[in-house]
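1. could you look at this predicted model? Sequence included:
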Amino acid sequence: MIISHKYKYIFIQLEKTASTAIAKELEENYNGKKILWKHARYEDFLYAADKKQKKYFAFAGIRNPLDIAVSRYHLRKLGKGNNKNKNNLRQYLFIRKTNADFSRFFKKFYAKYIYDDWKSKKFQSLDYIYHYENLQKDFKELLKKIGIKQKRPLPLFNKTPEKKQDIYSYYTEDIQPLAMIIFQPYMKKHGYKFPKDWKKPNILQKIFIGFPLHIKHIFARMIHIFLDFPPIYKKAKNIP
């Protein structure tokens, strides 16, 4: 997470949204500095911030989740990020031991998964949400909204190696219905669309896969709405 007291902004770094590149640029050219931890959420910041800091211009990024899943597969395949958590290591070992392709990886690790970076009520209140797909244009626009003149185009790095240009080619017909069930709420919320020729989920898939995920989604929403600050956020410290 990056903050600037001079320009009064707070950047929430969501994974796989070029957040590392943006954070580096903010630190080097726009008086940004690191606070809390890299992928702290907006709720973490609000819990630790004072009244003035809570009014800072807050922004984060989003990205097509179909693309994120493909990137995650290749990163785990290469063994990157395994030291961060046990789940990363588990995914890497699964791919290594079984020589799993993307389809098998997706079935194993996404079938019971809720894509939840967007569900928080506080996340919806951010001042600006940039799209990874329009990164350069949106980065220029958000700087303008903050009141900062852009010094240069955003330098990019850490691109996922080995990934094909067409992300949709990874989604074979057998996992297309599953992907539509898992990512539909997020895709609809942020204006992303599935290819028109994809195989749609049948009634059994909607009942036995979609319904349990829907219940989990409703439960997660209730936690954020009624508790506002779940206990996990209490580990945040005061903002320096």
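-> Looks like it arrived, so ask away. Numbering: from 1, shown residues only.
2. contacting residues around the longest strand belonging to the chain?
-> Ranked by number of residues, the top strand in the chain under DSSP state E is strand 57-62. Here strand 57-62 makes contact (C-beta atoms under 8 Å, 6 or more residues apart in numbering) with 7-14, 17-19, 22, 42, 45, 117-118, 123, 125-132, 135, 138, 142, 145-146, 190. Any C-beta I mention is one placed from the backbone N, CA and C, and that applies to glycine too.
3. what strands flank that strand, and is each parallel or antiparallel?
-> If you go by DSSP bridges, strand 57-62 pairs up with strand 9-11 (parallel), strand 128-131 (parallel).
4. what's the helix or strand Met180 falls within packed up against?
-> Taking DSSP states H and E as the criterion, Met180 maps to helix 176-190. Helices and strands touching helix 176-190, as assessed by 3 or more C-beta pairs under 8 Å, 6 or more residues apart in numbering; DSSP states H and E, comprise helix 65-78, helix 102-110, helix 203-205, helix 211-227.
5. coming back round to it: let me have the strands paired with strand 57-62 in JSON lines, extended by distance to Pro212, mean pLDDT and mean neighbour count.
-> Formatted as JSON lines, the strands paired with strand 57-62 follow (distance: least, C-beta to C-beta, whole Å; pLDDT from 0 to 100; neighbours: other C-beta atoms under 10 Å):
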{"stretch": "strand 9-11", "distance to Pro212": "35", "mean pLDDT": "97", "mean neighbour count": "25"}
{"stretch": "strand 128-131", "distance to Pro212": "28", "mean pLDDT": "95", "mean neighbour count": "18"}
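6. nearest to Ile175, of the ones you listed?
-> strand 128-131 (24.4 Å; C-beta to C-beta).
7. now that closest one - C-alpha only, PDB.
-> C-alpha atoms of strand 128-131 as PDB (Å, rounded to 0.1, in the frame of the first residue of the first chain):
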ATOM      1  CA  TYR A 128     -11.100   5.800  -8.600                       C
ATOM      2  CA  ILE A 129     -10.800   2.200 -10.000                       C
ATOM      3  CA  TYR A 130      -8.500   1.800 -12.900                       C
ATOM      4  CA  HIS A 131      -8.700  -1.000 -15.500                       C
END
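8. all set now, cheers.
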